[in-house]
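Participant: Curious how this folds, go ahead:
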Amino acid sequence: MKTDSAPERGVAAAGASADAAAAQPDPRRWWVLGVISLAQFVIAIDSSVVNVMGPRLKDAIGLSTTGLQWVMNIYVLLFGGLLLLGGRLADVIGRRVVFLAGLTLFTLASLGAGLADSESALLTARALQGIGAAALSPASLSILVTVFPDAKERAKAFGVWGAVIGIGASVGTIMGGAIVNADWRWAFWINVPVGLIVGAAAVALIKLPKPSGERPPKDLAGAVTATGGLLLLVYGIVTSNDNGWSDWRTLGSLGVAVALLIAFVVVEGRSAAPLVPLRLFRSRSVVAGSLGEFLTAALMMPIFFLLPLWMQGVLDYSPLQTGLAYLPVSIALMTLAPLASELIGKTGPRNMYLAGTVALAGCVVMLTRMPVHSGYWSFLLPVTALFGVGLVFCLIPTPVVGTSEATDEDAGTTSALLNASTQIGAAFGIAIAVTVLNNRMASQAAHGATPHVALVHGLQAAFTVLLVFLALSMLTGIFGFRRGTTAPAGAEDGAAETPVARSAEHAVAAEPATAARSERIA
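Facilitator: Residues are numbered from 1 along each chain as shown. Predicted coordinates:
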């Protein structure tokens, strides 16, 4: 009879002990969620505040129309373009280090934005905010999943996360309306004390193992092609309504972007230490989650952007009234997100996502029939309520799906892929909707329509285009999302307790990308 030697038994016991310790969830995980959510809450507020502060900024420091557009655009350009690099750095250098570095840069840039007294100073500060967010976001999301290894708890964390981000967007809109006639600098300065609190709490609470990978990625060619391709792609999209889709600058930017991204795929296939392992693109969950993020952002961000044009341009709402009109969205997020987090383990991400698209379908169909004159209770209340319900049920399952098969080694990179999908989807959706709006308004004006009627008909046409994104979202849910619970297909018990996270927030971050165009449209 064969027996184990004492050394073998000792090694086995030590290994089992280590595995058991590693499997234990961090007792501070809910505090960590609060700290990370607070950081993203501030980013969401900042994005929304800037969105409604445009005219005030023009008057305060003499911004040109082009400068105002780039105060909005430069943030999302650098945020979206640098996400993959930020995510990979989080995996290689360490998520805590990259999180704190991004938070520090974002906080200092917010201070600088509030102190800005010229167009160039404000643009520089906004650019630095975008760079900081590109590091902060994927690092924070991968931290979130690292401290929530249990799939059910992770789903609850996503619910809290989504609610906080959505509420932040609504609060930011209300704040922007409230301070529009006060000191605009507080729209940025509010980030500074919160950034200091979050930084101190993160140092005390977030304790992660050192990354097992190499020091910063040696895949320089991959970093250059991916970053350059994403920057030019986002640039071409966000400037398309100023230059025109057929303009050589738009076509040139998009053409070079596609060429660089193709080169990126070729480079990654040959690299021994790729910036983005190509195996991620062979994962059904990662692809489906990314498509879900892209299409949801392309659908919802035009609603965030275009609906205020009707409120202020037709109904004569003030900025504060416009912000308050979005309260049903916040209420839906606050009340339904905890419920959705509990239900997703029973319904599965697929069914929940499809339920969200049905609610959004009701919202969009109503918007395609937008009246020239209407009241809040008969039109805006049901529209915003359906919008809020749809957001909850679409934004919670997509990160659950997208991260369900990612390994801990690729946590930051997977998060960055999902975030980049959101940024690009938001920019693309707004660009398409605004193009349709402008064309229909010009046609209506040529036929003698009044400005109000032309705007309403233009908005109806723009919202009709969103039905295409809605149909594609439904198809993604049906054919891309697996049936079942939050665990990946074929996983054994606990197999879903590995991976990475991502969230709704960036849709909101992308909102300012083209917000300054409202001046020209209205």
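Participant: Do you know the pLDDT at the nearest residue to residue 387 once chain neighbours are set aside?
Facilitator: By the measure of C-beta to C-beta, 6 or more residues apart in numbering, the closest residue to residue 387 outside its immediate chain neighbours is residue 363, 4.7 Å from it. Glycine gets a C-beta too; all of them are placed from N, C-alpha and C. Residue 363 carries a pLDDT value of 97.
Participant: residues near residue 363, how many?
Facilitator: 25 (other C-beta atoms under 10 Å).
Participant: I figured it was touching residue 303, is that so?
Facilitator: Yes. At 7.3 Å, residue 363 counts as touching residue 303 under the criterion of C-beta atoms under 8 Å.
Participant: Common neighbours of the two, please.
Facilitator: Jointly contacting residue 363 and residue 303 under the rule C-beta atoms under 8 Å, 6 or more residues apart in numbering are residue 387.
Participant: ok, residue 80 - contacts?
Facilitator: For residue 80, the set of contacting residues under the criterion of C-beta under 8 Å, 6+ apart consists of 134, 230, 234, 420, 423-424, 427, 510.
Participant: and which of the residues you listed is nearest to residue 176?
Facilitator: Distance to residue 176 across the contacts of residue 80 (C-beta to C-beta) is lowest for residue 510, with 16.7 Å.
Participant: pLDDT score for the closest one?
Facilitator: You'll see residue 510 listed with a pLDDT of 41.
Participant: Give me the helices and strands touching the helix or strand residue 458 falls within, please.
Facilitator: Using DSSP states H and E, residue 458 falls within helix 451-479. In terms of contacts (3 or more C-beta pairs under 8 Å, 6 or more residues apart in numbering; DSSP states H and E), helix 451-479 is packed against helix 284-313, helix 327-368, helix 411-446.
Participant: and with 10 Å instead?
Facilitator: Applying 3 or more C-beta pairs under 10 Å, 6 or more residues apart in numbering; DSSP states H and E, we find helix 451-479 packed against helix 284-313, helix 327-368, helix 381-395, helix 397-403, helix 411-446, helix 518-521.
Participant: Show me what counts as buried in it.
Facilitator: Neighbour-count burial for helix 451-479, counted by 16 or more other C-beta atoms under 10 Å, picks out 453-466, 469-470, 472-474, 476-477.
Participant: check which helix or strand covers residue 161.
Facilitator: Here residue 161 sits within helix 151-179, counting by DSSP H and E.
Participant: could you give me the average pLDDT of the next helix-or-strand element following that helix?
Facilitator: Past helix 151-179, heading to the C-terminal end, the next element that is a helix or strand (DSSP H and E) is helix 186-189. In this model, helix 186-189 has a mean pLDDT of 84.
Participant: buried ones in the next helix or strand after helix 186-189?
Facilitator: For helix 186-189, the succeeding helix or strand toward the C-terminus, using DSSP H and E, is helix 191-205. Neighbour-count burial for helix 191-205 flags 191, 194-195, 198-199, 201-202, 205 (criterion: 16+ other C-beta under 10 Å).
Participant: Which residues does helix 191-205 contact?
Facilitator: Applying C-beta atoms under 10 Å, 6 or more residues apart in numbering, the external contacts of helix 191-205 come out as 26, 28-29, 31-32, 34-43, 45-46, 49, 96, 99-100, 103-111, 113-114, 129, 132, 136, 140, 143, 147.
Participant: rerun at 7 Å
Facilitator: 28, 31-32, 35, 38-39, 42, 46, 99-100, 103-104, 106-107, 110-111 (C-beta atoms under 7 Å, 6 or more residues apart in numbering).
Participant: From these, pick the one nearest residue 278.
Facilitator: Of all these, residue 99 has the smallest distance to residue 278: 26.4 Å, by C-beta to C-beta.
Participant: If you count contacts, what does the helix or strand that closest one falls within end up packed against?
Facilitator: Under the criterion DSSP H and E, the helix or strand holding residue 99 is helix 95-115. Under the contact criterion of 3 or more C-beta pairs under 7 Å, 6 or more residues apart in numbering; DSSP states H and E, the helices and strands touching helix 95-115 comprise helix 65-93, helix 119-147, helix 186-189, helix 191-205.
Participant: and residue 373, which of those helices is closest to it?
Facilitator: Set against residue 373 and scored by C-beta to C-beta, the helices and strands packed on helix 95-115 come closest in helix 65-93, at 29.9 Å.
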